[in-house]
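A.B. asks: Based on what follows, work out the 3D shape:
(chains A and B)
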2 protein chains.
Amino acid sequence: MEFSLELIKSISRSSPTRIVLLVIDGLGGLPHSQTGKTELETANTPTLDQLAAKGICGLIDPVSPGITPGSAPGHLALFGYNPISFNIGRGVLEAVGIDFDLEPGDIAARGNFCTIDETGLVTDRRAGRISTQKCTELCRLLDGQVIDQAKLLVRPVKEHRLVVVFRGDKLVADISDSDPQQTGVSPQTVTAASPEAERMAGIANQFVAQAKMTLAEHYPANMVLLRGFSIRPHFPTMGEVFRLKPAAIASYPMYRGLAKLVGMEVLDTGTTIEAEFNTLKQNYTNYDFFFLHIKATDSAGEDGDFDRKVRVIEEVDNALPGLISMEPDVIVVSGDHSTPALLGGHSWHPVPFLLYSKWCRRDRVSEFSESACVSGGLGRFPATQVMSLAMANALKLNKFGA
Amino acid sequence: MEFSLELIKSISRSSPTRIVLLVIDGLGGLPHSQTGKTELETANTPTLDQLAAKGICGLIDPVSPGITPGSAPGHLALFGYNPISFNIGRGVLEAVGIDFDLEPGDIAARGNFCTIDETGLVTDRRAGRISTQKCTELCRLLDGQVIDQAKLLVRPVKEHRLVVVFRGDKLVADISDSDPQQTGVSPQTVTAASPEAERMAGIANQFVAQAKMTLAEHYPANMVLLRGFSIRPHFPTMGEVFRLKPAAIASYPMYRGLAKLVGMEVLDTGTTIEAEFNTLKQNYTNYDFFFLHIKATDSAGEDGDFDRKVRVIEEVDNALPGLISMEPDVIVVSGDHSTPALLGGHSWHPVPFLLYSKWCRRDRVSEFSESACVSGGLGRFPATQVMSLAMANALKLNKFGA
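C.D. replies: Numbers count the residues shown, from 1 in each chain, chains lettered A, B, ... in the order given. Down below sits the predicted model:
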């Protein structure tokens, strides 16, 4: 176990207090050119502002200054796990996120159904975001093949997304992506980064070649792109490290998968923000830690839709009084990274952070925003310290040392 | 390669954007007793203030809080290299800075011609700053000796400064300085810190003894002081780590040497601030990273000359519009350490930092000063993170993790 986790484990204690970690995905933004205000600063958020006024604020760096985190590192850091030492592959995340039981030695890859033109160049990496139903049908066409003694299991995720699991003896995940991550070019040939991975690279390339033939008549989903080949790593659980009974509420599979990797129980929930907050209410007495994940902010940011991101933030703010009325001992509101609509993607900018508890030692910040959090009492700090702060404020940590 | 450099290397990408890192040596200061303002706060700096208003500010720690850095650690940190693991000797720096080609196994020492009185006590560590021409003549007198099978190569640097290179089999650099770093005392006997270094200590002491005899009639340069015995270390280059094509513009040899150690191309330039900015302009399209070094602020600080330091800062501010008009994608202005005129030397105080880019998420700071930077959006952070921040703002870093 990592030293920082060993340290927390050695002083954490179980107690009746409750922590809610509300992760507004891609929360941080950049100012609109006309108003000079970010998405969060533009949104009307009376409840978040009230929480900020009663609580203590700051800015967090998910990985370190300048580093743009993917979703996995951003969340692992919030859960207290060093995202550099626990760098897990995208394929494993997707597989765990759809309740796929990975067996030891299985290799998983994240897939996209995509569109290629007659010359083989990728024209749409998401095949026009086909329906989940269509995705399910196409996955059935590709599922169950055996290539070079490896069995292939192909499962739909959502819209154009799929998971491919390679099951067989002595497979090595150390291979490159076929997904070129851009349009106007051909899918890439998968290559082995080590001699032991040569066989696996060959299997992946054969799978892609056969998929191309099978999908030829299924425009716009006439090809598949694979990335993030990986084996499930071992994580000490949050129960073990923090002595918590943690639950996750997330509508999007990847975040459920991530929560499972660190030992959270994943609760059934709906796809709306309202449904997620209701799930929290219904399960409130059964757990002492809740990870509540809001995906729509990040999606709006990724789509470059400033106004939609503002509206989602306002919707979260509207739902908050219900959460506050349950009187959790600690409420943390932050994001796993910034996703400024102006950049249309994840970014390196530090993320606004607020913590409310009876013991937080409030600062002078009275508004939850990027600008205001600069002057917050917590300053700027690594996201890996969020869990110990939350635990401390829930009086769930013993003194360190005599 | 250090892990943090490996991480950056794994996500850095080449792009047409340009970064200018303007290092105002010894920038940070302390307030004048009469005005309560530091050198930077006293200087009239409309352009720096404008950049601060449009950009994002903070304070950097070159090594860590409380640690006063030498010039090498201060710069290495700014270039992204951990100055503690990459601790290089002063001798090597001076040698590289005068284009001396160190061979494997060579040991270099930085030297000062100095003045001693008739009892052997040092009265001026810089021999009245003799001319470079005089220094060159004296070096010729000392050059080329062979002591205990080691060949000695003695080269002038500038004014009273020289380099001594010891070339021979199995020389070990692990020896103490002869330079006492103060006046009123005798030069120190060089001692070995390990048994393997005994021979080298003996060679150094013999060299100093002979130099004393040779220089006896050359008052004020009637003695030599040596420090920083060291072997050239191996650095991964900035090209390798950051995928940059970096150039250095520096009038003072040590900074050119330092830039070469990390793989920058060193451009020919003049000795004035104007000449340096012109060199930037002439070479602007040929590189994507520029390290522009201003020495005169530090020299003024070291001389305890508050007003001169103020004037140099104003001169830099005057030259800045020319730089800005070339529209670099990222402009960073900071220092390698503080050199408060009140202390007359380097100090541990964190250094004002500003970064301007289209994507910086400006903060509320509207003035480039020590006091204002305290409230900057970047907070206080280690100088080793400057490069990743600059790279991120130039959109030269890929996302980390899925």
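A.B. asks: measure stretch A:76-83 end to end?
C.D. replies: End-to-end distance of stretch A:76-83: 6 Å, with C-alpha to C-alpha, to the nearest Å as the criterion.
A.B. asks: Quick one: mean pLDDT over that stretch.
C.D. replies: Averaged across stretch A:76-83, pLDDT comes to 96.
A.B. asks: Not counting its own residues, what contacts it?
C.D. replies: For stretch A:76-83, contacts defined as C-beta atoms under 8 Å, 6 or more residues apart in numbering or on different chains pick out A:2, A:4-5, A:8, A:21, A:23, A:62-63, A:69, A:72-74, A:86, A:88, A:235, A:238, A:241-242, A:258, A:262, A:291, A:334, A:336, A:382-384, A:386-388, B:400-401. In this view, the C-beta of every residue, glycine as well, is placed from N, C-alpha and C.
A.B. asks: Generate a ChimeraX selection restricted to the buried subset of those residues.
C.D. replies: Those of the contacts of stretch A:76-83 that count as buried under 16 or more other C-beta atoms under 10 Å in any protein chain shown are selected in ChimeraX with:
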select /A:4,5,8,21,23,62,63,69,72,73,74,86,88,235,238,241,242,258,262,291,334,336,383,384,386,387,388 /B:400,401
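A.B. asks: Inside strands: which ones of the contacts of stretch A:76-83?
C.D. replies: A:21, A:23, A:291, A:334, A:382 (DSSP state E).
A.B. asks: Reformat the residues you listed as JSON lines; add distance to chain B and pLDDT.
C.D. replies: Below are those laid out as JSON lines (distance: C-beta to the nearest C-beta, whole Å; pLDDT from 0 to 100):
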{"residue": "A:Leu21", "distance to chain B": "20", "pLDDT": "98"}
{"residue": "A:Val23", "distance to chain B": "16", "pLDDT": "98"}
{"residue": "A:Phe291", "distance to chain B": "18", "pLDDT": "98"}
{"residue": "A:Ser334", "distance to chain B": "16", "pLDDT": "98"}
{"residue": "A:Pro382", "distance to chain B": "11", "pLDDT": "97"}
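A.B. asks: For the stretch 201-350 of chain A, which residues are neighbours of chain B?
C.D. replies: The stretch 201-350 of chain A has residues A:227-228, A:342-343, A:345-349 near chain B, with proximity defined as C-beta under 8 Å from any C-beta of the partner chain.
A.B. asks: wait, which of the residues you listed is closest to B:Ile249?
C.D. replies: Nearest to B:Ile249 among those is A:Trp348, at 27.5 Å by C-beta to C-beta.
A.B. asks: I'd say that closest one and A:Thr339 touch.
C.D. replies: No - applying C-beta atoms under 8 Å as the test, A:Trp348 and A:Thr339 come out as separate, 11.2 Å apart.
A.B. asks: When the two are compared, which one has more neighbours?
C.D. replies: A:Thr339 (30 against 27; other C-beta atoms under 10 Å in any protein chain shown).
A.B. asks: And that one, how far from chain B?
C.D. replies: 11 Å (C-beta to the nearest C-beta, to the nearest Å).
A.B. asks: need the contact list for the nearest residue to that residue once chain neighbours are set aside.
C.D. replies: Leaving aside its chain neighbours, A:Thr339 sits nearest to A:Gly26 (2.7 Å; criterion: C-beta to C-beta, 6 or more residues apart in numbering or on different chains). Counting by C-beta under 8 Å, 6+ apart, A:Gly26 makes contact with A:297-298, A:301-302, A:309, A:335-339, A:346.
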